[in-house]
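[1] no sequence for this one, just the structure:
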């Protein structure tokens, strides 16, 4: 499976963890979550126990469903990623037939809608952006913050396109360059930055203030512009360019903090941002 992307989907306010398989262009869904929805289990443990008993019954019946199920790492309730039984849409539909539930038909319609949404987003990326905007609004973020966050996604994509062109490998090398840029302009690696904001597995950019987003974007825009001119080849040359781009944001941060007397690197996170309590330039 190449480049799996985890996502959280809601069915009647119940969460269903999913992973998009780029190579085979299909969703994998957490079986425990689906079972919990269909059987109205009040807890994850209850859903897991139900699935355990159902799995045993299917095994005794010689069901092919179990042989086609896989295990993928998905975020658990404590934020850690753990191996979870998953199935694709076709297998989930067969599973639904094995569970007596009044929610079977609504769930089938929901499952079809999830699949179509991803196909639509592949053909028209604007749909994905619009969905993200609606989610941020639902979480209570301010319109000004949402505008910056959406722009930051575009800026990040332009930079990673340059990294791809230069032969930088996704995964570890992406992470190293990202850490290098963060450390250069903010003084903190990504992990240190998340700890500074009291985060664990949450997305750092979703917890940045407007000021932090702008400074981070400046670093990435500058690195992209320099890369377009220099055309770096490989990780080492791209790292030099990344550091230079981040230095532009560091200079802007230093000037801003000199003018305001306050740190541009904030401890505010989504809990504060979602309550519209953002105080730009608040002293960390």
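    Yes, it's here. Computed from a prediction, not measured in an experiment: that's the story for all the values here.

[2] got the buried residues for stretch 186-199?
    Across stretch 186-199, burial judged by 16 or more other Cβ atoms under 10 Å covers 186, 188, 189, 190, 193, 194, 196, 197, 199. Every residue, glycine included, has its C-beta placed from N, CA and C.

[3] rank those residues by pLDDT and give me only the lowest.
    On pLDDT alone, residue 199 ranks lowest of these, at 85.

[4] am I right that that one is in contact with residue 205?
    No. Counting by Cβ atoms under 8 Å, residue 205 is not a contact partner of residue 199; they are 10.9 Å apart.

[5] so how far is the top helix by length along the chain off the chain centroid?
    Longest helix of the chain, by residue count under DSSP state H: helix 234-260. Put simply, helix 234-260 sits 25 Å off its chain's centre (Cα atoms, centre = their mean, to the nearest Å).

[6] by contact count, what packs against it?
    helix 172-186, helix 210-230 (3 or more Cβ pairs under 8 Å, 6 or more residues apart in numbering; DSSP states H and E).

[7] that helix vs helix 172-186, what angle?
    20 degrees (axes from the mean of the first three to the mean of the last three Cα atoms, to 10 degrees).

[8] give the buried residues for helix 234-260.
    So for helix 234-260, counting by 16+ other Cβ under 10 Å, buried means 235, 237-239, 241-250, 252-253, 256.

[9] same check, this time on stretch 131-151
    133, 136, 141, 142, 145, 146, 148, 149.

[10] am I right that the last one sits in a strand?
    No. Under DSSP: H, G, I helix; E, B strand; the rest coil, residue 149 falls outside any strand and is assigned helix.

[11] give the buried residues for stretch 226-233.
    226, 227, 232.

[12] correct me, but residue 168 touches residue 174?
    Yes. Between residue 168 and residue 174 a contact is recorded at 6.7 Å, counting by Cβ under 8 Å.

[13] just for the stretch 51-200 of the chain, where's the confidence low?
    113-129 (pLDDT under 70).

[14] can you show me the helices along it?
    65-68, 89-97, 104-123, 125-138, 143-165, 172-186, 190-196 (DSSP state H, counting those that start in this stretch).

[15] and the second one, what does it pack against?
    Helices and strands in packing contact with helix 89-97 are listed as strand 26-30, helix 31-39, helix 65-68, helix 104-123; criterion 3+ Cβ pairs under 8 Å, 6+ apart.

[16] try it again with 6 Å
    When contacts are defined as 3 or more Cβ pairs under 6 Å, 6 or more residues apart in numbering; DSSP states H and E, helix 89-97 packs onto helix 65-68, helix 104-123.

[17] and the shortest one, by the same measure?
    Using 3+ Cβ pairs under 6 Å, 6+ apart as the contact criterion, the secondary-structure elements in contact with helix 65-68 are helix 44-61, helix 89-97.

[18] what residues are up against residue 207?
    197, 199, 269, 270 (Cβ atoms under 6 Å, 6 or more residues apart in numbering).

[19] just put those residues in a markdown table and tack on distance to residue 181.
    Shown next, in a markdown table, are the contacts of residue 207 (distance: Cβ to Cβ, whole Å):
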| residue | distance to residue 181 |
| --- | --- |
| 197 | 17 |
| 199 | 18 |
| 269 | 20 |
| 270 | 22 |
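
[20] wait, which of these is closest to residue 85?
    Set against residue 85, the nearest of the contacts of residue 207 by Cβ to Cβ is residue 199 (28.2 Å).

[21] OK, contacts around the closest one?
    By Cβ under 6 Å, 6+ apart, the contact set of residue 199 is residue 207.

[22] before we move on, back to that, so residue 168 and residue 174 - more neighbours on which side?
    The neighbour comparison of residue 168 against residue 174 (other Cβ atoms under 10 Å) goes to residue 168, with 23 against 16.

[23] mind checking how far the nearest residue to residue 237 once chain neighbours are set aside is from residue 242?
    Once flanking residues are discounted, residue 237 sits nearest to residue 166: 7.0 Å by Cβ to Cβ, 6 or more residues apart in numbering. Plainly put, residue 166 is 10 Å away from residue 242 if you go by Cβ to Cβ, to the nearest Å.
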